[in-house]
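**Student:** I'll drop the sequence and a predicted model, then ask my questions.
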Amino acid sequence: MKIASHGVQLNVNDTGTGARSSTPTLVFQHFWGGSSLTWSEVISHLRDRFRCVAIDARGAGASAAPASGYSMEDHADDAFHVIESLGLTRYVLVGHSMGGKAAQLLASRRPPGLLGLALVASSPLSPMAIDEAQRRQMRTAYANRGAVEWTLDQVLLGSPVAAASREQLIADALRLSPEATAGWLDVGSREDFAAKASSIDVPVAIVVGERDRVDPVAVVESHIRPHYPRALVRYLPDKGHLLPVEASQEVAADIQLFIQQLPE
């Protein structure tokens, strides 16, 4: 389905059925270079118990790509407009990488109905710790199939994935708009919202790949965990940055455990 946010048509995948009325809806946001389909395998493990809503970020997947508007505030606004449009009254935000930064920012606004925040290989609210040479490399990370293959093997993945999953990752990366690439590298990844973490007043879960080379364990320990001292934390050995694909069953189990521990 398509849902408009500030005039931008967002593509949203909504399982709609299979959930009990007593369970929260899960709202998924993906990484830079991915799409809502990044979450497909995780959702397949959860859809019988929870309604699952996955959003294509602006400029990614089947969503429109405006010329501007790629700040974290814009991504957070988009998720909130989807939540409002679907009339969700009890939900958990689940964010991966860039999507995790946007989910944290949205959670800091204390939107009505938010029950929890699950961060999966998430970027911190602080700026991404990379130099200009790395940024230049990232600008061409998804330029063609060969570049995407290299980026998957040398940066994003910490373990093998199924051939079909790899092809989906390649297709998503090649589909990413130039506007979304510039939006993350020039705006979103540089923004500093660390001070807003103190406004988050819901339980938090953090799932980390021990081989993550994008937001590694050291970044999690210094820039994410200190903000959420009571968070449920899980480290997955031998896994990299693309946990929704590399470890879908483990991630789904961690999300379900987290929801089971939420206050009534």
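**Tutor:** Cool, got the structure.
**Student:** now do the strands in the stretch 1-150 of the chain.
**Tutor:** Under the criterion DSSP state E, counting those that start in this stretch, the stretch 1-150 of the chain contains strands at 2-5, 8-14, 25-29, 52-55, 91-97, 114-122.
**Student:** a markdown table for those strands, including mean neighbour count and mean pLDDT?
**Tutor:** For glycine as for every other residue, the C-beta is placed from the backbone atoms N, C-alpha and C. Output for the strands of the stretch 1-150 of the chain, formatted as a markdown table (neighbours: other CB atoms under 10 Å; pLDDT from 0 to 100):
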| stretch | mean neighbour count | mean pLDDT |
| --- | --- | --- |
| strand 2-5 | 17 | 96 |
| strand 8-14 | 19 | 97 |
| strand 25-29 | 27 | 98 |
| strand 52-55 | 27 | 98 |
| strand 91-97 | 28 | 98 |
| strand 114-122 | 26 | 98 |
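**Student:** any idea which of those gets closest to residue 140?
**Tutor:** strand 91-97 (18.7 Å; CB to CB).
**Student:** closest one to residue 258 among the strands of the stretch 1-150 of the chain?
**Tutor:** strand 114-122 (5.8 Å).
**Student:** what distance do you get for the closest residue to residue 88 other than its chain neighbours to residue 259?
**Tutor:** Nearest residue to residue 88, sequence neighbours excluded (CB to CB, 6 or more residues apart in numbering): residue 25, at 5.1 Å. Taking CB to CB, to the nearest Å as the measure, residue 25 falls 11 Å from residue 259.
**Student:** so what sits against both of those two?
**Tutor:** 50, 92 (CB atoms under 8 Å, 6 or more residues apart in numbering).
**Student:** hmm, residue 8 and residue 77 touching each other?
**Tutor:** No: using CB atoms under 8 Å, residue 77 is not in contact with residue 8, being 9.7 Å away.
**Student:** who are the contact partners of residue 71?
**Tutor:** 183, 187, 188, 191.
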